[in-house]
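Engineer: Starting from these lines, generate the structure:
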Amino acid sequence: MGRYVNPGNKAFRRICGSNYVDKTNLISKLNQKIGGDDSLVCVSRPRRFGKSYAAQMLMAYYDCSCDSHELFDHMLVAQSEGYRQHLNHYNVICLDIAGFISEVRAHLGPMKSIPDRIEKALWKDLVESGFQPHEGDTLCDFLTRIVHQKEGKPFVFIIDEWDAVMREAKDDPDAQAAYLTLLRGWFKNLNFTPEVVAAAYMTGILPIKKDGTQSAISAFDESSMLDPLEFAEFVGFTEDEVKARCRAYDVDFEEIKAWYDGYKLPVVGSVYNPFSVMKALKSGKCRSYWRKTSAAESLKSYINLDFSGLQETVARLIAGDRVPVHVEYFQNNFDSFKSADDVLTLLIHLGYLSYDEAEKMVRIPNEEVRIEFRQFLL
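Structural biologist: This next block holds a predicted model:
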């Protein structure tokens, strides 16, 4: 059991107490994909929507170095086909990319050194876990050798905050290129991916950066706030889940709905920000629990550029209007805004706007976010 390779189930054990809302059916969705041509998934959500919780859950379920039966046997996933077949059956590589960025900054290193730091950290963990490389092996060679050895197991990659490099090094194309090269080497490599990668699950705020009109790592199925695919019920809390929590805390559901409802997704309908809902339930106070980020703060400068009357559009949104938006041309980054639509599309990914795919319209989702908008534009 290591820090990045087969890190065990302690992280998930900490969070699956009485307040845990059972989202383990996400596992059954991924189990259906393992070993198939759609086994690479990138899930992008706003901050505080439970992305890291999902990563910790998957880590505990797939990791072959621990026994997680007691954690999952009573949960929804235990009723699904393949539950026992895949439980604790894989080697797991789990990376928090934001953590590597913090280490680089603490040592005043260049952002383009992050891929090298990741590879060295994995190499060290693999050796300390008892795996032995051959002289001259690259990391991909080493991982392939592990899978091919007697009773070797393929790897499930879990990458949290995958887009942190793209966000934090937005003005450093060399760092972005080096990082994307690392990911392509794992997930778009015919000599490696089919042999070694059973599945990959990446989380982030933004979908995968585009190369022109195509994804820079095209093998991934992407679930986003624009199109959640089959993962809509796992974006946040569903209305039924919020009602159940309100009953448990003896809190008026209608008040919670007025403050935190507003993200409407296909099939599941209303989706709520888990962080804000739980804060309100525990404190007994409905108010804004939104956390401004450096990325969101920087949007003020783009709004002030006033693309196509963007300031007036934002004022209309604050007043409760819905406005049309074209989301197709946004490049999934923070440094190539060309229109008001690009800024509005970023606001959808950040959770500041709710998107109606059928009507191609956006609006401010709820009172919590409306308050933040008013403060944001002061």
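
Engineer: How about the contacts made by the closest residue to residue 367 other than its chain neighbours?
Structural biologist: The shortest distance from residue 367 to any non-neighbouring residue, by C-beta to C-beta, 6 or more residues apart in numbering, is to residue 259 (5.0 Å). For glycine as for every other residue, the C-beta is placed from the backbone atoms N, C-alpha and C. Remark: with contacts taken as C-beta atoms under 8 Å, 6 or more residues apart in numbering, residue 259 is in contact with 276, 280, 286, 287, 366, 367, 368.

Engineer: Check which helices and strands the helix or strand harbouring the last one sits against.
Structural biologist: Residue 368 is part of helix 367-376, with elements assigned from DSSP states H and E. Helix 367-376 is packed against helix 253-260, helix 294-305, helix 310-318, with contacts defined by 3 or more C-beta pairs under 8 Å, 6 or more residues apart in numbering; DSSP states H and E.

Engineer: Let's see that with 10 Å instead.
Structural biologist: Using 3 or more C-beta pairs under 10 Å, 6 or more residues apart in numbering; DSSP states H and E as the contact criterion, the neighbours of helix 367-376 among helices and strands are helix 253-260, helix 274-283, helix 294-305, helix 310-318.

Engineer: The next helix or strand after the shortest one pairs with which strands, parallel or anti?
Structural biologist: Elements were assigned by DSSP H and E; along the chain past helix 253-260, the next helix or strand is strand 263-265. In its sheet, strand 263-265 lies beside strand 269-272 (antiparallel), with partners assigned from DSSP bridges.

Engineer: Just the buried positions in the partner strand, please.
Structural biologist: By neighbour count with 16 or more other C-beta atoms under 10 Å, strand 269-272 contains the buried residues 270, 271, 272.

Engineer: next one: stretch 95-112
Structural biologist: So for stretch 95-112, counting by 16+ other C-beta under 10 Å, buried means 95, 96, 97, 98, 100, 101, 104, 111, 112.

Engineer: would you turn those into JSON lines with secondary structure?
Structural biologist: Supplementary listing: those in JSON lines, determined by DSSP: H, G, I helix; E, B strand; the rest coil:
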{"residue": "95", "secondary structure": "strand"}
{"residue": "96", "secondary structure": "strand"}
{"residue": "97", "secondary structure": "helix"}
{"residue": "98", "secondary structure": "helix"}
{"residue": "100", "secondary structure": "helix"}
{"residue": "101", "secondary structure": "helix"}
{"residue": "104", "secondary structure": "helix"}
{"residue": "111", "secondary structure": "helix"}
{"residue": "112", "secondary structure": "helix"}
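
Engineer: rewinding a little: please check the contacts of residue 259 and keep the buried ones.
Structural biologist: The neighbour-count test (16+ other C-beta under 10 Å) marks 276, 280, 286, 366, 367, 368 as buried among the contacts of residue 259.

Engineer: Ignoring the adjacent residues along the chain, who's closest to the third one?
Structural biologist: Of all residues not flanking residue 286 in the chain, residue 259 sits nearest, at 4.5 Å (C-beta to C-beta, 6+ apart).

Engineer: gap between that neighbour and residue 19?
Structural biologist: Distance of residue 259 to residue 19, computed by C-beta to C-beta, to the nearest Å: 19 Å.

Engineer: now swap in residue 257 and tell me
Structural biologist: Residue 257 is 20 Å from residue 19, where distance means C-beta to C-beta.

Engineer: for the buried residues of stretch 95-112, which one is nearest residue 198?
Structural biologist: Checking the buried residues of stretch 95-112 against residue 198 by C-beta to C-beta gives residue 95 as the nearest, at 16.1 Å.

Engineer: circling back to that earlier point, and residue 27, which of the helices and strands packed on helix 367-376 is closest to it?
Structural biologist: Across those, closest to residue 27 is helix 274-283 (C-beta to C-beta), at 17.7 Å.

Engineer: correct me, but residue 231 touches residue 26?
Structural biologist: Yes: judged on C-beta atoms under 10 Å, residue 231 makes contact with residue 26 at a distance of 7.1 Å.

Engineer: Now do the residue of the chain most remote from its centre, the pLDDT please.
Structural biologist: Relative to the mean C-alpha coordinate of the chain, counting by C-alpha atoms, centre = their mean, the farthest residue is residue 135 (36.2 Å). Reading off the per-residue confidence, residue 135 sits at a pLDDT of 91.

Engineer: Can we start the residue count at 2 from this point?
Structural biologist: Fine by me, first position is 2 from now on; the one you just mentioned is residue 136.

Engineer: which helices and strands does the one helix or strand residue 166 maps to pack with?
Structural biologist: Mapping residue 166 onto the secondary structure by DSSP H and E places it in helix 165-169. Other elements packing on helix 165-169 under the criterion 3+ C-beta pairs under 10 Å, 6+ apart are helix 98-107, helix 115-129, helix 174-188, strand 198-205, helix 295-306.

Engineer: and if we set it to 7 Å?
Structural biologist: helix 98-107, helix 174-188 (3 or more C-beta pairs under 7 Å, 6 or more residues apart in numbering; DSSP states H and E).
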